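**Student:** Need a 3D model of the sequence below.
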Amino acid sequence: MSDFQGQIESERGKLKELLLKVPGFKGYIELEDRRTADKMIRDVVADRYQEELDRLTGIMTEFVDRGDLAYVDDMEGIATKIRTFIDRIRHAVYGYSSFFSVIKIDAEKLERLYDYDQSMLDGIDGIKTSLESLASAVEEDQIKGFIASLKNAAQEMVTKADKRKEEITREEEIPGDDLIPSE
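**Tutor:** Residues are numbered from 1 along each chain as shown. Next comes the predicted model:
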């Protein structure tokens, strides 16, 4: 995860470097850099899952072409879960927190979000392996086993995306109405 943060830090402009020397701005700029890195990480996660979704769509087409229609509904269900996951990750709240924001994201919470993002990125290997096996499977028991594995992995990813969202929006961290700025 620090690779993305390092990339952000290396691309800082002269103004940001100057503001880092102003008392009070250093923490703000570092936090903004972490938020940007968080968005970049989530985009990479979503892009990698999109690649696997595209692979699944191709496998579904192959099954249809060879007349194995019995498995297409299950594979479409898996595709739907992966699409849902991609949408939740790509469009998730990404640690943005402005002065008037209701939900505050501090550095510690961003670290926990990075952990979720890393686990989601790690999960791609299981889906990739199952898809490769499914593509070459011909026996009914093998196909059913790989589809079951894919269903579990896809559901696990959706659950992780939901937990990530819960991490950001925990009720105990949302201020009461008396603390929300009025217009």
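**Student:** What is the helix or strand where residue 165 lies packed up against?
**Tutor:** Taking DSSP states H and E as the definition, residue 165 sits inside helix 140-168. Under the contact definition 3 or more CB pairs under 8 Å, 6 or more residues apart in numbering; DSSP states H and E, helix 140-168 sits against helix 72-90, helix 107-136. Every residue, glycine included, has its C-beta placed from N, CA and C.
**Student:** Include mean neighbour count and mean pLDDT when you put the ones you listed into a markdown table, please.
**Tutor:** Formatted as a markdown table, the helices and strands packed on helix 140-168 follow (neighbours: other CB atoms under 10 Å; pLDDT from 0 to 100):
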| stretch | mean neighbour count | mean pLDDT |
| --- | --- | --- |
| helix 72-90 | 18 | 93 |
| helix 107-136 | 16 | 85 |
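**Student:** Show me the one of these that comes nearest residue 59.
**Tutor:** With CB to CB as the measure, helix 107-136 is the member of the helices and strands packed on helix 140-168 nearest residue 59 (5.1 Å).
**Student:** tilt between the closest one and helix 72-90?
**Tutor:** 160 degrees (axes from the mean of the first three to the mean of the last three CA atoms, to 10 degrees).
**Student:** quick one: average pLDDT of the longest helix anywhere in the chain?
**Tutor:** The single longest helix within the chain, with elements called by DSSP state H, is helix 25-65. The average pLDDT for helix 25-65 rounds to 84.
**Student:** Which strands and helices lie in contact with that helix?
**Tutor:** Short answer (3+ CB pairs under 8 Å, 6+ apart): helix 25-65 packs on helix 2-10, helix 14-19, helix 72-90, helix 107-136.
**Student:** Those into JSON lines, with extra columns for distance to residue 43?
**Tutor:** Putting these into JSON lines (distance: least, CB to CB, whole Å) gives the following:
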{"stretch": "helix 2-10", "distance to residue 43": "10"}
{"stretch": "helix 14-19", "distance to residue 43": "21"}
{"stretch": "helix 72-90", "distance to residue 43": "7"}
{"stretch": "helix 107-136", "distance to residue 43": "10"}
